[in-house]
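S.K.: Just to be clear, the model below is a prediction. Sequence and coordinates:
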Amino acid sequence: MSALSLAASVRSGERSARGIVEEHLAAIADGEGEIHAFNLVTTDAALERADRVDAVVAQGGDPGPLAGVPVALKDNMCTRGVPTTCGSLILDGWRPPYDATVVERLDAAGAVIIGKTNMDEFAMGSSTENSAFGPTLNPRDTTRVPGGSSGGSAAAVAAGFTPLSLGSDTGGSIRQPAALCGVVGVKPTYGAVSRYGLVAFASSLDQIGPFARNVADAALLLEAVAGHDPLDSTSIPVSAPDLLGVLDRGVEGLRVGIIEEISGSGPTGLEGFAPDVQSRLAEAAEALAAAGAVVEKASVPSTVFGLSAYYVIAPAEASSNLARFDGVRFGLRVDAENTVDMNAATRTAGFGDEVKRRIMLGTYALSAGYYDAYYGKSQKVRTLIVEDFARAYQSFDLLLSPTAPTTAFPIGEKVDDPMLMYLNDVCTIPSNLAGHPAMSVPFGVGDDGLPVGVQVLAPANGEPSMFRAAAVLEAAAGGSAGSRHDS
Amino acid sequence: MVLRGHAMTAETASEMDGWEVVIGLEVHAELATATKLFSGARNEFGGEPNTNVDPVSLGLPGSLPVLNEKAVELAIRVGLALNCSVQASEFARKNYFYPDMPKDFQISQFDQPINGEGWLELPDGRRIGIERAHLEEDTGKSTHVGGGGRIHEASYSLVDYNRAGVPLIEIVGKPDLRSGEDARAYVSELRSILVAIGASDGKMEEGSMRVDCNVSVRPVGEDELGTRCEVKNINSLRSLGRAVTYESRRQVDLITSGQKVDQQTRHWNEEDGRTHTLRSKEEAFDYRYFPEPDLVPVAPSAEWIDEIRAAMPLLPGERRKRLAGEAGIQPAAAALTVERGLDDLALAAMDLGADPERVLVHVENNLADGQGALTADAFSALVAMETGGVLTATQAKTVLADLVDSGGDPAAVAATHGFEAMDTSELEGLVDGLIAENPDDWEAFVGGDEGERKKKSGFFVGQIMKATRGQADGRVVNEILERLADGV
Amino acid sequence: MEPDADTSTPGRITRDDVAYVARLARLNLTDSELDGFTGQLADVLEHAADIEALDLDGVAPTSHPLPLANVLRADVPTVGPAEEADHRLFCDEVLAAAPAAEESRFRVPPVLGEAP
Ligand SMILES: [Mg+2]
Ligand SMILES: [Zn+2]
């Protein structure tokens, strides 16, 4: 059952929120042992909250558009009094004394927070293998990774533990796991959803966004959490876009470009795209064309430099954002003779290897003598990417690419080769650098029977047309591609 | 390295033969806002530890800064008062680990400060260059427990973040100052300006205004700057003068004894009156500045700047010039009156016809605690009585004290004290008698040069005052003496 | 030690560089970790060498993805009388979550030196 129909049934009094929550808790009890999507299932709080939602309905009130719908949160969003770990030992046991803005928005919309999902430590990773609490497995094939870093949120939705979840996307951390788990994942325009209370990885790239099993549910959740927040200086000063209202408008007349450089189809582009992934992309393009869109090849040349710029900018910001985990005010402390040693002992014990790697990389990129060569240059490449996109969007309303170069890969395959792992994000990173929205829509499966995601990219604040195209792709996948789509 | 102690006054440094002292100051002042620079936690001095805090000022994971409009406005006021170019600016992160710095980086401004170059005019008319005046956040406060509270011997420290995130304006001066006296005059003027425009309370003792001092020396005539040392922990104007004097002398002694000055950060110790090494340049920090991604640029519009400019009060320098013009004195001579905030009173009294010189004498000598209940009308009437010979200077002072305490009409107050002007003929009789009793002194007065005459007139006036218990008017006595001497 | 300044095209990251940044970042590395990280960081930076060839003269840096400016907050305390009770609770939770606290303050081992 979709989130939309669950909420409708609760609002009409047809079903109780408690019943819905209990059903999902039962699904979790059943499958979580195998998948490990959650770091924490907040059973008691969820049931209590469900009862409060039911009480509102009983009194003739309207709990809101997400009435009684379970939502899982990536474990990097602060929940007052509820442990928030970021998948790290350094925050093990930490209970934030405040709620993230998205948590307050969910509450206001009548949603029921059902738990905190597993993730790569501090959102650094593309497989959810970098969690201090063990990996999450892909519900489609438990020998495979679910993608990452929001692997827990993607897996929880794919496994039916919750109809909705929130993840965060810094370089693809919502879209890539969505693709690998066969669900819808959206990275909104930078600033569309408040980052207040999201534990930062790379501030200028991070965005919170929804996971859902269908496009309409993703729209429902995004509408509930988006909109201006005065607590986030980078929040766009407009209210949430109307998405549900435009979903069925189709793509007639929309101009859609397939980005050659990040789809393995151009002479100057990147390599390493699996042929089955390329085939699904081609079929997706045909589906859009069949629905009346004008589909052509597009060139966004500097996207090929996105990965390089990203792996300087994101670690640089992270090295600074993660300095505060020093053992002084919260979280882990490993004691020592003096504060300098205590800081170092705490950070050494509390951070995993990937986090250490990125902190050192970022520290190096910002350090005296190297700033211009690395950070300065990367910021300029970011400008080129922004300009190239702007040029492309003069000819196109939307752009298209695969979400990830391959389907879900086996657990352990890339974990020891950071560079190989980073290559997972070549298609998703450019949107983060530009601050643009992009989403992954399931579109059939690969030769291995695992889900393939197609990425729809739009210019800033282009969510309405992006969702229209996603809805068309979803319908097409359910039809012609439906034979390959087994959920 | 231990150097011999120097017992020096401010003058000896400027008299160091053949050496010029070059000083540049960095002044941090806490801005007088209600809340912190980047959040709505209160900006309040004191208070129970860790209560004026919120997720932002504690640097909790997930918290984000949002810039305080009032802090920007106050920073712009500072910029305008210091003749700076007020410009589009950006915030940057200055990264370093320290327990009183909640995020382990300070949000500051680096290559794009809100206020660019400007200048400050000292009371004597010299202009001291300002490099920049930028916004940044303050740190928390550590208390060192054990080891007598000294940082190095403490067994542990306790941190309070009430001050963390308080808005600061950092005013970086150019190396245009040449003595401890200069430095004191600069900071004193800067403080007056900050207080006058409502930007800060300027209290050095409470730490709301803090001065770091860069000192170097060079042979007179040399254009190149010498190696500088930065002196920290200067907590009063007095310490500033002493620290500069000590540090410049130390550097000259090093050079003249064949050694060289190391670029260092040094700590002023109030007790032993010396500066001590804190760290050398080799230990310099790699701050890894980069643009603060959680904040967006601040580009104040021309309209906003104009609005702020229009609302600016008169600055101390302008007020000194205004008063000096009215009183016919040098602006520097009006400094104390302006500093006491009594220039409006003085000007009003002068407007009502009071003698400027007497007005300023009273303001400087008798109104140290402010004007109290004294009105300009009463003040000018009092001065008129004094210059008209109705009251002596001593009587006027007594009446003035009452007027400050409880107001009222000077004539009525004088009457309650039984003050009535002594008649001149009565005084002449007293003076004649005094001359007869002291013929040698009288001869010295008549035949002496100007200095001698002044001394002796002091003697005679003093004796008359004694005899009349202060009822006589010293000015009238002097006139009598001059007249008698001329008649000899 | 500090890395050489003025490197427009920096050479391969060295073991010493990694030791330096680890110290700056307050991370303790064993000898073998130092070796491992040096190789991995070098790989990533080598990949980044593809942007070295780009002519970026005259290109402005982008540090913010959105063209926002002048986002300001009114100078009004968040905690008024109505919020006082919840604020007390917040302060208590903050101190309760501290690894060590004493007299409502955060306790840390000796600090050694003054702030820079
Ligand atoms: Mg400074
Ligand atoms: Zn400063």
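M.R.: Sure, I can see it. Ligands and ions are numbered 1, 2, ... in the order given.

S.K.: show me the residues around the closest residue to residue B:228 other than its chain neighbours that make contact.
M.R.: Once flanking residues are discounted, residue B:228 sits nearest to residue B:216: 3.9 Å by C-beta to C-beta, 6 or more residues apart in numbering or on different chains. No exception for glycine: its C-beta is placed from N, CA and C like everyone else's. Contact partners of residue B:216, counting by C-beta atoms under 8 Å, 6 or more residues apart in numbering or on different chains, are B:21-22, B:175, B:225-229, B:251, B:261.

S.K.: From those residues, pick the one nearest residue B:149.
M.R.: Nearest to residue B:149 among those: residue B:229, at 25.3 Å, using C-beta to C-beta.

S.K.: residues near that closest one, how many?
M.R.: For residue B:229, the number of neighbouring residues by other C-beta atoms under 10 Å in any protein chain shown comes to 24.

S.K.: could you dump the contacts of residue B:216 to CSV with secondary structure and distance to residue A:248?
M.R.: Output for the contacts of residue B:216, formatted as CSV (DSSP: H, G, I helix; E, B strand; the rest coil; distance: C-beta to C-beta, whole Å):
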residue, secondary structure, distance to residue A:248
B:21, strand, 79
B:22, strand, 75
B:175, coil, 70
B:225, coil, 73
B:226, coil, 77
B:227, coil, 74
B:228, coil, 71
B:229, strand, 73
B:251, helix, 79
B:261, coil, 77
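
S.K.: So the residue nearest to residue B:228: helix, strand or coil?
M.R.: When classified by DSSP: H, G, I helix; E, B strand; the rest coil, residue B:216 comes out as strand.

S.K.: tell me which residues form a beta bridge with it?
M.R.: Assessed by DSSP bridges, residue B:216 has beta-bridge partners residue B:22.

S.K.: near chain C, which residues of the stretch 51-200 of chain A show up?
M.R.: A:81, A:94-95, A:97-98, A:190-191 (C-beta under 8 Å from any C-beta of the partner chain).

S.K.: One more pass at 7 Å, please.
M.R.: Residues of the stretch 51-200 of chain A lying near chain C by C-beta under 7 Å from any C-beta of the partner chain: A:94-95, A:97, A:190-191.

S.K.: From the residues you listed, pick the one nearest residue A:471.
M.R.: residue A:190 (23.2 Å).

S.K.: near chain A, anything from the longest helix along chain C?
M.R.: Secondary structure of chain C per DSSP state H: the longest helix is helix C:31-47. Yes. In terms of C-beta under 7 Å from any C-beta, part of helix C:31-47 sits within range of chain A, namely C:37, C:40-41, C:43-44, C:47.

S.K.: What does the closest residue to residue A:218 other than its chain neighbours show for phi and psi?
M.R.: With sequence-adjacent residues excluded and distances taken as C-beta to C-beta, 6+ apart, residue A:218 is closest to residue A:212, at 4.0 Å. In terms of degrees, to the nearest 10, the main-chain angles of residue A:212 are phi -160, psi 170.

S.K.: which residues does residue A:212 form a beta bridge with?
M.R.: Following DSSP bridges, residue A:212 is listed with bridge partners residue A:164, residue A:184.

S.K.: Show the contacting residues for it.
M.R.: Residues near residue A:212 by C-beta atoms under 7 Å, 6 or more residues apart in numbering or on different chains: A:3, A:157, A:163-164, A:183-184, A:218, A:221.

S.K.: Quick check, pLDDT for it.
M.R.: Turning to residue A:212, the model gives it a pLDDT of 98.

S.K.: Residue B:456 now?
M.R.: Listed pLDDT for residue B:456 reads 88.

S.K.: which residues sit in contact with residue B:231?
M.R.: B:212-213, B:215, B:243, B:247, B:266, B:268, B:275.

S.K.: List phi and psi for residue 82.
M.R.: The chain I'm using is chain A. The phi/psi pair for residue A:82 (degrees, to the nearest 10) is phi -110, psi 130.

S.K.: Give me the distance between it and residue A:75.
M.R.: Residue A:82 sits 10 Å away from residue A:75, going by C-beta to C-beta, to the nearest Å.

S.K.: The two: which has the busier surroundings?
M.R.: The neighbour comparison of residue A:82 against residue A:75 (other C-beta under 10 Å) goes to residue A:75, with 29 against 18.

S.K.: hmm, back to that, so which of the contacts of residue B:231 are in strands?
M.R.: The members of the contacts of residue B:231 that map onto strands under DSSP state E are B:212-213, B:215, B:266, B:268, B:275.

S.K.: what's the most distant pair in the contacts of residue B:216?
M.R.: B:175 and B:261 (14.8 Å).

S.K.: wait, does stretch C:82-93 contact chain B?
M.R.: Yes. Counting by C-beta under 7 Å from any C-beta, chain B has neighbours in stretch C:82-93: residue C:91.

S.K.: Now that stretch: buried residues?
M.R.: Using 16 or more other C-beta atoms under 10 Å in any protein chain shown as the test for burial, stretch C:82-93 gives C:87, C:90-91.

S.K.: again, but for stretch B:99-118
M.R.: Using 16+ other C-beta under 10 Å as the test for burial, stretch B:99-118 gives B:99-110, B:112-116, B:118.

S.K.: So for the lengthiest strand in chain C, mean pLDDT?
M.R.: Secondary structure assigned by DSSP E gives strand C:105-108 as the longest strand of chain C. Per-residue pLDDT over strand C:105-108 has a mean of 98.

S.K.: Show me what it is in contact with.
M.R.: For strand C:105-108, contacts defined as C-beta under 7 Å, 6+ apart pick out A:328-329, A:339, A:342, B:49-50, B:99, B:156-160, C:98, C:100-101.

S.K.: That strand - which strands sit beside it in the sheet, and in what orientation?
M.R.: Strand C:105-108 is paired, per DSSP bridges, with strand B:156-160 (antiparallel), strand C:101-102 (antiparallel).

S.K.: All set now, cheers.
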